[in-house]
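Peer 1: Please work out how this folds:
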Amino acid sequence: MKVAVIYGGVSSEREVSLKSGASMVKNLDRNKYEVIDFKIDEMTDVFKLNDMDIDMALIGLHGKFGEDGSIQSILEAMGIKYCGCDPLTSGILMDKNFTKIISRQNNVLTADWLTVKSIEDIDYKAIDDMGYPVFIKPNSGGSSVATFFIKSKEDVENAVKEGLKYDEIVMIEKYIKGVEHTSFILNGEVFPTLRITSDNEFFDYEAKYSTTKGAEEIVVKLPEDLDKRLKEYSEKCWKAFNCKGYVRADYIITDEDDIYLLELNTLPGMTETSLIPKSARARGFDYSELLDKLIEYSL
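Peer 2: Numbering: from 1, shown residues only. Below you'll find the model as predicted:
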């Protein structure tokens, strides 16, 4: 089978994508696949795939022109099968605002929030009512790029300005005190949960991708009731958003055992320090076997 690994891209998360793609290329079983190392430097590069007779595309892109449904639409137009969610689901889940609206409609708990499109849009009273501290971040960003932990009114404007450099919409979200957990869902099956702790104030870019200052990510066995509720949330999200292939759902669990959905990632990181390979190993799949499953479920 001829498998193209598409990575690189044009988003603010390109550096992470380069690492995800390299890991995928390295771990695909050469006894099963003819591997095409396909790095994208410009959006138009993807059209070169049309002449390569590809059987399957593994998408290692992150951020815009990766997770937003754009490249999925192009691959569908070219008749190329790919791993992961379809264009509509990808586009909705790339948008944190839409994700939170639909999650609440499906009785999945998520922190209060508001969105702004300009400095003039900032409603300081609404933020006061929500309560500091807050997170300020691009509405469609990822990998914690341009994400700020804001404790006072004086720092809001600058954080919004920085966020607007990366996106047309910036989200201001209430901080929920707790511990981050992540849930990997493959073809509708919820895999072992990982707990994420970091010396950094929150799970930022450095904590996610540094090999020396990274977070501690361990597979955990939650109390039975808590584990059941988290799995129900993940299954509910999978169905509500019509997910396909695989997604990663990120949560905060509070001291009171409330579970808050942070976001769903349709093309989660696949680097050497990423969460999904760790969860898969806890279920007994090594990286190569995980890629086999992704391809199998996408045929």
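
Peer 1: isn't Thr193 right next to His181, touching?
Peer 2: Yes. Using CB atoms under 8 Å, Thr193 makes contact with His181 at a distance of 5.5 Å. Every residue, glycine included, has its C-beta placed from N, CA and C.

Peer 1: Looking at those two, which is more packed in?
Peer 2: Thr193 (24 against 21; other CB atoms under 10 Å).

Peer 1: Now the common contact residues for Thr193 and His181.
Peer 2: 220, 222, 230 (CB atoms under 8 Å, 6 or more residues apart in numbering).

Peer 1: which of the residues you listed are buried?
Peer 2: 222, 230 (16 or more other CB atoms under 10 Å).

Peer 1: with the shared contacts of Thr193 and His181 in mind, which one is nearest to Thr147?
Peer 2: Looking at the shared contacts of Thr193 and His181 and their distance to Thr147, the nearest is Leu230, at 23.3 Å (CB to CB).

Peer 1: ok, and the closest non-adjacent residue to that closest one?
Peer 2: For Leu230, ignoring the flanking residues on the chain, the nearest one in space by CB to CB, 6 or more residues apart in numbering is Ile259 at 5.7 Å.

Peer 1: Next step: the shared contacts of Thr193 and His181 restricted to helices.
Peer 2: Leu230 (DSSP state H).

Peer 1: how about a markdown table for the shared contacts of Thr193 and His181, with pLDDT added?
Peer 2: Converted to a markdown table, the shared contacts of Thr193 and His181 look like this (pLDDT from 0 to 100):
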| residue | pLDDT |
| --- | --- |
| Val220 | 96 |
| Leu222 | 96 |
| Leu230 | 98 |
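
Peer 1: all strands in the stretch 151-299 of the chain, in order from the N-terminus.
Peer 2: 170-174, 179-186, 189-190, 194-197, 216-219, 246-253, 259-265 (DSSP state E, counting those that start in this stretch).

Peer 1: Please tabulate those strands in TSV, including the columns mean pLDDT.
Peer 2: Output for these, formatted as TSV (pLDDT from 0 to 100):
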stretch	mean pLDDT
strand 170-174	97
strand 179-186	97
strand 189-190	97
strand 194-197	94
strand 216-219	92
strand 246-253	97
strand 259-265	96
